[in-house]
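Undergrad: Coordinates for the following, if possible.
(3 chains)
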Amino acid sequence: MDKYEKAFNDLIEKDLKIEPRDWMPEKYRKNLIRQVSQHAHSEVIGMQPEGNWLLRAPSLRAKQVLLAKIQDEAGHGLYLYSVAETLGISRQELIQQLHDGKAKYSSIFNYPTLTWADMGAVGWLVDGAAIVNQVSLQRTSYGPYSRGMVRICKEESFHQRQGYEIMIQMTNGTEDQKAMAQDALNRFWEPSLMMFGPHDADSAHSSQSMQWKIKRESNDSLRQKFIDKTVPQIEFLGLEVPDVNCKWNEATGHYDHSPFNWDEFWNVVNGNGPCNAERLAHHRKAHTDNAWVREAAYQYAQKTEISAVAQ
Amino acid sequence: MEKGDRVWEVFIQKKSGLAFKHVGSIHAYDKKMAVQNARDLYTRRGEGREIWVVPAEAIVSTPLDQADAFYDPSEDKVYRHPTFYEIPKEVKNI
Amino acid sequence: MSITIKNELAQFLIRLADSEIILGQRLAEMCSKGPFLEEDIALSNLALDLFGRGEELLKIIADLEDNAYTPDDYTFRRNEREYFSYKIVEQPNNDFAWVIARQYFHDVYVREIFRQLLNHSDQQIAGLSEKVLKEIDYSYLHARDWMVRLGIGTEESNSRLQKAVDSLWKYSEELFAFDQIDTNVLDDSDQIKTVWDNEIDQVFSEANLEKPEEFKRHILDFRQGFHSEYLGMILADMQYLPRAYPDAQW
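TA: Numbers count the residues shown, from 1 in each chain, chains lettered A, B, ... in the order given. Down below sits the predicted model:
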């Protein structure tokens, strides 16, 4: 093992950060690019299902809060694209990978948002699951990613509260609203649990990611954390957990649950979810339709700006 | 690939008297856009009093202490962004 | 529910409030559709400012109307003919040039209005104007920069911007047909037209744009609740939930 690799391993072992200019194994760099870019793409694609109800938000406050949340998500996408770029890939390449289907994003966003209650369910469950994951990632070994996560976590808790507030309002409301809330929970419960990824045994990247401290906790452990946190929240709302086998287990100190539908998970991951095609088509269209804008901005800068780069 | 926008590094001074702190990077095509984008992304929650944006390729950095352990001293760029490195068009697959 | 505004000052302010909210709604449509992610954030920032501003104005209006209705009532339960938004803000996001031209025209005009409201005797209005002017300055700079960028950038961007300007131009006419409700509140409505003319001439020259011909049209005035056909569709989306579930609290 040469001195570069030894120094790198040393940093990892001591829980110190790897910075952009440090030597790193090529696989570490590639693994990170994959994980960070997927995280970034998720934030950006996630703007679509939420944007779907923005125009129809039922009060001025709800509209503003939802818009602020979506805007935060765009911002998180930008922080993460910046992190990925420090690893030697450009934003353009990242977008190309997304469009070519080479890069993935969180499959939860391939589900449709069918009612206003979905804004509650998504904010509460999807952001809730993201928070569990992101809190853990604050300790990730790559410096810029870790700092990005700290920033994102600070902004994220308002998102979950916004979603839960909608759920509270609806479960305290009319019969129609209560039914809408239960329906949204029914549809988003299992897909939210799938956000933590496959069982670690079935995950190709998990063990290497754990070794390099890119990932700090296992998928299953994070998923169980989320279930344990969320079931009491469901009960508080007076809603039913969409899983008859979800019961407190005194012996383990956790909630039990039914086995998951991995068929559906892999189907969605592989492109056959309800909205995969639509999400990508939307993103591609916005990008392509606006190529003339980017070209104009580039040409304008060429025509007018004296280069700011010190000679 | 489109001829692109540029990467700019962003430095923010939270309050007068404090030092400017590096907070991350943004993309923009020109100076005015760079300042606006930096403000929109990094001061949405009122985090700053003043913003500096610098084209990333303008930043020159010193070698690390452990230069011999980690680092090719001829590399003085802040990170590996591909657009910092001009590759001639004839070269493929890069 | 038929909601009418009785107080004269409120009748002036509702025109502003409605325009900000409808324009906010148009910008909200751009969510995830911008030319690049940074611009998505910029546009949603503007939308947030507009909704916030609209809501603050509606609070003042509600006050003036003895709290007969809430800001949400005004937003979600007035019908098409009870809205008083400018037609120009109802126009669609046909492309990014339309978004920018519409924003620029709006900002030049509304900024002048708020500059004059800065001196209003009502402390709430003066205070709101001070806050709003900071936001509008920022929005105006962003829009103006893009007018020039698109005007100069490429032949295509110039041509798209010219098309947008040509189409939107006719809706600028009614903005300056001030009536007594306006002149009772504004110190100097002529000044608004003067500033507009100077601004337009300057920007058009910088951006290589042709100023469309001006001629008198008879366009039913927004001040009487006449709108483009777009408003009905905008309200149909915006008001759907409260109208579908009238007994629900949201």
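
Undergrad: give me every residue that touches whatever residue of chain C ends up closest to chain B.
TA: In chain C, the residue that lies nearest chain B is C:Glu38 (4.4 Å; C-beta to the nearest C-beta). For every residue, glycine as well, the C-beta is placed using N, CA and C. For C:Glu38, the contact set (C-beta atoms under 8 Å, 6 or more residues apart in numbering or on different chains) comprises A:78, B:26-28, B:33, B:37, B:40-41.

Undergrad: among those residues, which are in reach of chain C?
TA: Counting by C-beta under 8 Å from any C-beta of the partner chain, the subset of the contacts of C:Glu38 that neighbours chain C consists of A:78, B:26-28, B:33, B:37, B:40-41.

Undergrad: Among these, which ones are in helices?
TA: A:78, B:33, B:37, B:40-41 (DSSP state H).

Undergrad: Can you get me a residue count around the residue in the stretch 101-250 of chain A positioned nearest to chain C?
TA: Chain C sits closest to A:Thr174 of the stretch 101-250 of chain A, with a gap of 5.0 Å, by C-beta to the nearest C-beta. Counted with other C-beta atoms under 10 Å in any protein chain shown, residues neighbouring A:Thr174 total 13.

Undergrad: Spatially nearest residue to it (excluding sequence neighbours)?
TA: Nearest non-adjacent residue to A:Thr174, counting by C-beta to C-beta, 6 or more residues apart in numbering or on different chains: C:Ala248, 5.0 Å away.

Undergrad: now swap in C:Ser172 and tell me
TA: Nearest one to C:Ser172, counting by C-beta to C-beta, 6+ apart, is C:Phe105 at 6.0 Å.

Undergrad: and the gap between that neighbour and C:Glu210?
TA: For C:Phe105, the distance to C:Glu210 equals 15 Å [C-beta to C-beta, to the nearest Å].

Undergrad: Same drill for these two, tell me which one is more crowded.
TA: Higher neighbour count among C:Phe105 and C:Glu210: C:Phe105, with 26 against 9, using other C-beta under 10 Å.

Undergrad: C:Ile88 versus the more buried one, what's the distance?
TA: Per C-beta to C-beta, C:Phe105 is found 6 Å from C:Ile88.

Undergrad: Next, show the common contact partners of the two.
TA: C:168, C:172.

Undergrad: Pull the number of nearby residues for the residue found closest to A:Trp53 once you drop the neighbours it is linked to in the chain.
TA: Leaving aside its chain neighbours, A:Trp53 sits nearest to A:Met119 (5.2 Å; criterion: C-beta to C-beta, 6+ apart). Per other C-beta under 10 Å, the neighbour tally for A:Met119 reads 27.

Undergrad: isn't A:Met119 right next to A:Tyr164, touching?
TA: No. Shown here, A:Met119 and A:Tyr164 do not form a contact pair, counting by C-beta atoms under 8 Å, at 11.2 Å.

Undergrad: for the top helix by length along chain C, packing partners?
TA: Criterion DSSP H: the longest helix present in chain C is helix C:123-153. Applying 3 or more C-beta pairs under 8 Å, 6 or more residues apart in numbering or on different chains; DSSP states H and E, one finds that helix C:123-153 contacts helix A:291-304, helix B:31-42, helix C:37-64, helix C:96-117, helix C:155-169, helix C:189-206.

Undergrad: and if we set it to 7 Å?
TA: With contacts defined as 3 or more C-beta pairs under 7 Å, 6 or more residues apart in numbering or on different chains; DSSP states H and E, helix C:123-153 has these neighbours: helix A:291-304, helix C:37-64, helix C:96-117, helix C:155-169, helix C:189-206.

Undergrad: Nearest to A:Asp256, out of those helices?
TA: Closest of the helices and strands packed on helix C:123-153 to A:Asp256 is helix C:37-64, at 41.6 Å (criterion: C-beta to C-beta).

Undergrad: just checking, next helix/strand downstream of the closest one?
TA: Note on helix C:37-64: by DSSP states H and E, the next helix or strand toward the C-terminus is helix C:71-77.

Undergrad: how far does the very next helix or strand once past that next one sit from the chain's center?
TA: Next helix or strand after helix C:71-77 toward the C-terminus (DSSP H and E): helix C:87-90. Offset of helix C:87-90 from its chain centre (C-alpha atoms, centre = their mean, to the nearest Å): 7 Å.

Undergrad: Stretch C:50-61 now?
TA: 13 Å.

Undergrad: phi, psi of B:Phe11?
TA: phi -120, psi 130 (degrees, to the nearest 10).

Undergrad: got the contact list for it?
TA: When contacts are counted by C-beta atoms under 7 Å, 6 or more residues apart in numbering or on different chains, B:Phe11 touches B:20-22, B:52.

Undergrad: closest to chain C among the residues you listed?
TA: B:Trp52 (17.4 Å).

Undergrad: That closest one: neighbour count?
TA: When neighbours are counted by other C-beta under 10 Å, B:Trp52 registers 15.

Undergrad: host element of it?
TA: Secondary-structure assignment from DSSP H and E places B:Trp52 in strand B:50-55.

Undergrad: relative orientation of that strand and helix B:31-42 in degrees?
TA: Here strand B:50-55 points in a direction 120 degrees away from that of helix B:31-42 (axes from the mean of the first three to the mean of the last three C-alpha atoms, to 10 degrees).

Undergrad: Show me what counts as buried in strand B:50-55.
TA: For strand B:50-55, burial by neighbour count (16 or more other C-beta atoms under 10 Å in any protein chain shown) applies to B:51, B:53-55.

Undergrad: Please render these as TSV that adds distance to chain A and pLDDT to the earlier fields.
TA: What follows is these, written out as TSV (distance: C-beta to the nearest C-beta, whole Å; pLDDT from 0 to 100):
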residue	distance to chain A	pLDDT
B:Ile51	15	93
B:Val53	9	96
B:Val54	8	96
B:Pro55	5	94
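
Undergrad: average model confidence for the helix or strand containing A:Ser192?
TA: Using DSSP H and E, the element containing A:Ser192 is helix A:175-194. Helix A:175-194 shows a mean pLDDT of 97.

Undergrad: Could you do stretch A:217-225 as well?
TA: Mean pLDDT, computed over stretch A:217-225, is 93.

Undergrad: ok now that stretch, how far from the chain's centre?
TA: Relative to its parent chain, stretch A:217-225 has a centroid offset of 15 Å by C-alpha atoms, centre = their mean.

Undergrad: cool, and stretch A:26-44?
TA: 12 Å.

Undergrad: Show me what counts as buried in that stretch.
TA: Neighbour-count burial for stretch A:26-44 flags A:28-29, A:31-44 (criterion: 16+ other C-beta under 10 Å).

Undergrad: okay, that stretch in CSV with CA atoms only?
TA: Extracted in CSV, the C-alpha atoms of stretch A:26-44 (Å, rounded to 0.1, in the frame of the first residue of the first chain):
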residue,chain,number,x,y,z
GLU,A,26,-10.8,6.3,-7.7
LYS,A,27,-13.6,4.1,-6.5
TYR,A,28,-14.2,6.4,-3.5
ARG,A,29,-14.5,9.3,-5.9
LYS,A,30,-16.8,7.5,-8.2
ASN,A,31,-19.0,6.2,-5.4
LEU,A,32,-19.4,9.7,-4.0
ILE,A,33,-20.2,11.2,-7.3
ARG,A,34,-22.9,8.6,-7.8
GLN,A,35,-24.4,9.1,-4.3
VAL,A,36,-24.1,12.9,-4.3
SER,A,37,-25.5,13.4,-7.8
GLN,A,38,-28.4,11.1,-7.0
HIS,A,39,-29.1,13.1,-4.0
ALA,A,40,-29.0,16.3,-6.0
HIS,A,41,-31.2,14.9,-8.8
SER,A,42,-33.7,13.8,-6.1
GLU,A,43,-34.1,17.3,-4.8
VAL,A,44,-34.6,18.7,-8.3
